[in-house]
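Trainee: sequence and predicted structure below; questions after.
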Amino acid sequence: MSNDVIVAGVGMTPWGKWGRNFVEYGVEAAKEALADAGIAWRDVQFVAGGETVRNGYAGYVAGASIAQALGWSGAQVSTSYGACASGAMAIDVARARILAGLCDIALVVGADTTPKGFLAPNAGDRPDDPDWLRFRLIGATNPAYFAFMARRRIDLYGATPEDFAAVKVKNARHGLANPRARYRKEVTVEEVLDSPIVADPLRLLDICATSDGGAALVLVSEAKARELGIVHGAVRVRAVSCVTPTFPNTVIEMPNFATDSSAVVAAPKRTFMDSIAHRTYEQAGIGPEDVSVAEVYDLATALELDWYEHLGLCGPGEAEKLLREGDTTIGGRVPVNPSGGLACFGEAVPAQAIAQVCEIAWQLRGQAGERQVEGARVGITANKGLFGHGSSVLLSV
Amino acid sequence: MSRTRVPALGAEGWFDEGHDGVSPALLGSRCTTCGTMFFPKAQYACRNPACEGTEFEEARLASSGTVWSYTDARYQPPAPYVSTTDPYEPFALAAVELDEGGLVVLGQTTAGTTIADLHVGKRVELAVETLFADDEHEYTIWKWKPVDE
């Protein structure tokens, strides 16, 4: 018996900024995924919701609200919160229940409506909340944490603002061919470099927006896929990694003020971001050399470059070279963010990790239209949520 | 009317302003079982998963270090950040590798510092400054002050 679950259906709304109730986006994505699978809602046995995010914390009731809107069916329900990793956690729960034999058909859904501007804490004094404290005591926004990592690339590896801009240019070009992308417009290196600095060295066009959107997957057991006659050539979820860091985490983690100390226990062999993908590869028994396409979290352009290395697509300090040589552009050796990435979508937090899997599923099915990565067989997603939530899914056909 | 200096809400017990001959310092905690230092102070249990310790002693962290990375905030951060100037003036932030203890600690840099004064590897030392004030209090916070090289 394999440890795979089958992606029977995929659904995703366009991303935008409409301010409507998140349930609407969730229902739209869920209905599309169910129709794609040819499975009726009333046959879904388990609903895994990605929790909406309000100001760094869980927001509104997600799984049950969407289940109610689809019509109470008595399905078992869960909702997962892992900040930006919420969607992957929902996938993980659904996969685990299927592999445990507790259900055959699961619906995974995440949707949100995101407020404009910087993500900020809820109102009111909460001096025991690290997310409140980092804003109050030092004014460290999310882009500040991204900028620390970007500056490290410049200092350690000789990255340039032009390299960061080139990530945006690539992703903007990829997103042109994606009808669900919110931003579908070519961007030049000059436009990025002319945009105002937000957190040096990152500029406005280096940093992703926040968006509304919903994404959904119908996952089924191998036995059910065989029964439905969809097992042949199906997209398979081979691994899901939602790991925490390993002590001592020596890279500053949002929203913390300090790293762990490495004075008594030495730093682990792999950094947190390395360990996220490592666990995925280990579970799947597949290595980075086999990856044909990746969707990674470009919350900021420079972070996409970090992911190339953490995914093992290249060695430390080689990401800029990989980018410059066109390896991560569609048509290159291992295209990254063929969907257009967060650069073209903006982040709809609990939907985003699911949306990454949707894109990989379309790529592996050969249904990605003009942004198709030719011959894609293995795809991986990667991101990381605030407070130490890993998120990576590996799929193959 | 003079204002009373108090640590900013949430940072009580996180730092010591220093006095004659004693430089300011961040106050962390050291696990009495394994010796690992934590900042802010560890609570409940030692966060080294190989250690069963639950008792800690207060520890003064190294007051100097080198810049691991840095950035600035060109736009005013949202509340609960409190701006002290109108219009808003950007400030710089540094992540500093302490000279001892094996930690990197974030902080704003001292007033007037810009990113032009910073580079990775720049020497800095701890200072205590006013974060913001109201009629009765000056709320203090730790900051990183570049040292002439």
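Mentor: Sure thing, it's come through. Computed from a prediction, not measured in an experiment: that's the story for all the values here.
Trainee: please make it C-alpha for all contacts and neighbour counts, starting now.
Mentor: OK.
Trainee: report the buried residues of stretch A:188-198.
Mentor: A:188-189, A:192-193, A:196-198 (16 or more other Cα atoms under 10 Å in any protein chain shown).
Trainee: closest to A:Gly87 among these?
Mentor: Using Cα to Cα, A:Val198 comes nearest to A:Gly87 of the buried residues of stretch A:188-198, at 28.0 Å.
Trainee: tell me who's in contact with the residue nearest to that closest one when sequence neighbours are not counted.
Mentor: Spatial nearest neighbour of A:Val198, excluding adjacent residues (Cα to Cα, 6 or more residues apart in numbering or on different chains): B:Arg74 at 5.3 Å. B:Arg74 is in contact with A:197-199, B:89-91, counting by Cα atoms under 8 Å, 6 or more residues apart in numbering or on different chains.
Trainee: adding distance to B:Ala116 and pLDDT, write these out as CSV.
Mentor: Shown next, in CSV, are the contacts of B:Arg74 (distance: Cα to Cα, whole Å; pLDDT from 0 to 100):
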residue, distance to B:Ala116, pLDDT
A:Ile197, 14, 98
A:Val198, 16, 98
A:Ala199, 13, 98
B:Glu89, 15, 95
B:Pro90, 13, 96
B:Phe91, 12, 97
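Trainee: so of the residues you listed, which ones are in strands?
Mentor: Using DSSP state E, the subset of the contacts of B:Arg74 located in strands is A:197-199, B:91.
Trainee: just checking, A:Glu186 touches A:Ala166?
Mentor: No - taking contacts as Cα atoms under 8 Å, A:Glu186 lies outside contact range of A:Ala166: 11.6 Å.
Trainee: these two: which has the busier surroundings?
Mentor: A count of neighbours by other Cα atoms under 10 Å in any protein chain shown puts A:Ala166 above the other of A:Glu186 and A:Ala166, at 23 against 15.
Trainee: which strand or helix spans that one?
Mentor: Element membership for A:Ala166, per DSSP states H and E: helix A:161-175.
Trainee: I'd like the average pLDDT over that helix.
Mentor: Here helix A:161-175 scores 98 as its mean pLDDT.
Trainee: now stretch A:236-256
Mentor: Mean per-residue pLDDT for stretch A:236-256: 97.
Trainee: now for A:Ala69: which residues touch it?
Mentor: Neighbour list for A:Ala69: A:23, A:27 [criterion: Cα under 8 Å, 6+ apart].
Trainee: tell me if it really is in a helix.
Mentor: Yes - judged by DSSP: H, G, I helix; E, B strand; the rest coil, A:Ala69 forms part of a helix.
Trainee: per-residue pLDDT, it?
Mentor: You'll see A:Ala69 listed with a pLDDT of 97.
Trainee: check A:Met1 too.
Mentor: A:Met1 carries a pLDDT value of 52.
Trainee: try A:Ala62
Mentor: At A:Ala62, the model reports a pLDDT of 90.
Trainee: look up how far A:Glu186 lies from it.
Mentor: According to Cα to Cα, to the nearest Å, A:Ala62 stands 35 Å off from A:Glu186.
Trainee: and what of A:Ala267?
Mentor: 42 Å.
Trainee: residue ranges in the chain under the pLDDT threshold?
Mentor: Since you didn't name a chain, this refers to chain A. Chain A contains residues with pLDDT under 70 at A:1, A:117-118.
Trainee: meant chain B, my bad for not saying
Mentor: B:1.
Trainee: all strands of the chain, in order?
Mentor: Since you didn't name a chain, this refers to chain A. With DSSP E, the ranges of strands along chain A come out as A:5-12, A:46-50, A:53-54, A:57-58, A:76-80, A:105-112, A:197-199, A:202-203, A:213-220, A:235-241, A:293-296, A:378-385, A:389-396.
Trainee: not quite, go with chain B.
Mentor: For chain B, the strands defined by DSSP E cover B:4-7, B:15-16, B:25-31, B:37-38, B:56-60, B:64-73, B:91-98, B:104-109, B:123-133, B:137-146.
Trainee: pick the most buried one from those strands.
Mentor: strand B:37-38 (a mean of 28; mean count of other Cα atoms under 10 Å in any protein chain shown).
Trainee: helices or strands next to that one in the packing?
Mentor: In terms of contacts (3 or more Cα pairs under 8 Å, 6 or more residues apart in numbering or on different chains; DSSP states H and E), strand B:37-38 is packed against strand B:25-31.
Trainee: hmm, 10 Å instead?
Mentor: Contacting strand B:37-38 under the criterion 3 or more Cα pairs under 10 Å, 6 or more residues apart in numbering or on different chains; DSSP states H and E are the following elements: strand B:25-31, strand B:56-60.
Trainee: just want the angle from the shortest one to strand B:25-31.
Mentor: Counting by axes from the mean of the first three to the mean of the last three Cα atoms, to 10 degrees, strand B:56-60 lies at 150 degrees to strand B:25-31.
Trainee: follow-up on the earlier one: does the helix holding A:Ala166 come close to chain B?
Mentor: No - for helix A:161-175, no contact with chain B is found by Cα under 10 Å from any Cα of the partner chain; the gap never falls below 14.0 Å.
Trainee: what's that helix packed up against?
Mentor: Here helix A:161-175 touches helix A:142-157, helix A:189-194, strand A:202-203, helix A:301-310, helix A:319-324, helix A:341-345, going by 3+ Cα pairs under 10 Å, 6+ apart.
Trainee: contact partners for residue 60?
Mentor: Assuming you mean chain A. Going by Cα atoms under 10 Å, 6 or more residues apart in numbering or on different chains, A:Tyr60 touches A:22-23, A:51-54, A:112.
Trainee: not quite, go with chain B.
Mentor: Listed by Cα under 10 Å, 6+ apart, the contact partners of B:Arg60 are B:14-16, B:24-30, B:37.
Trainee: skip the chain neighbours and tell me the closest residue to it.
Mentor: B:Leu27 is the one closest to B:Arg60 (Cα to Cα, 6+ apart), at 4.8 Å.
Trainee: gap between the residue lying closest to A:Cys314 once chain neighbours are set aside and A:Val187?
Mentor: Nearest residue to A:Cys314, sequence neighbours excluded (Cα to Cα, 6+ apart): A:Tyr308, at 6.2 Å. Going from A:Tyr308 to A:Val187 by Cα to Cα gives 22 Å.
Trainee: more neighbours: those two, which one.
Mentor: Using other Cα under 10 Å, the more surrounded residue of A:Tyr308 and A:Val187 is A:Tyr308, with 25 against 17.
Trainee: need the helices and strands packed on strand B:37-38 in TSV with distance to A:Ala37, can you?
Mentor: Formatted as TSV, the helices and strands packed on strand B:37-38 follow (distance: least, Cα to Cα, whole Å):
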stretch	distance to A:Ala37
strand B:25-31	54
strand B:56-60	56
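Trainee: among those, which is nearest A:Val251?
Mentor: strand B:25-31 (18.3 Å).
Trainee: list the pairing partners of the closest one within its sheet, with orientation.
Mentor: Here strand B:25-31 is paired, per DSSP bridges, with strand B:15-16 (antiparallel), strand B:37-38 (antiparallel), strand B:56-60 (antiparallel).
Trainee: and the stretch 251-397 of chain A, which residues reach chain B?
Mentor: Taking Cα under 10 Å from any Cα as the measure of proximity, the stretch 251-397 of chain A contacts chain B at A:251-252, A:256-267.
Trainee: save these as JSON lines, and put in neighbour count too.
Mentor: As requested, these are exported to JSON lines (neighbours: other Cα atoms under 10 Å in any protein chain shown):
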{"residue": "A:Val251", "neighbour count": "17"}
{"residue": "A:Ile252", "neighbour count": "19"}
{"residue": "A:Asn256", "neighbour count": "21"}
{"residue": "A:Phe257", "neighbour count": "22"}
{"residue": "A:Ala258", "neighbour count": "23"}
{"residue": "A:Thr259", "neighbour count": "24"}
{"residue": "A:Asp260", "neighbour count": "28"}
{"residue": "A:Ser261", "neighbour count": "23"}
{"residue": "A:Ser262", "neighbour count": "19"}
{"residue": "A:Ala263", "neighbour count": "15"}
{"residue": "A:Val264", "neighbour count": "14"}
{"residue": "A:Val265", "neighbour count": "16"}
{"residue": "A:Ala266", "neighbour count": "13"}
{"residue": "A:Ala267", "neighbour count": "18"}
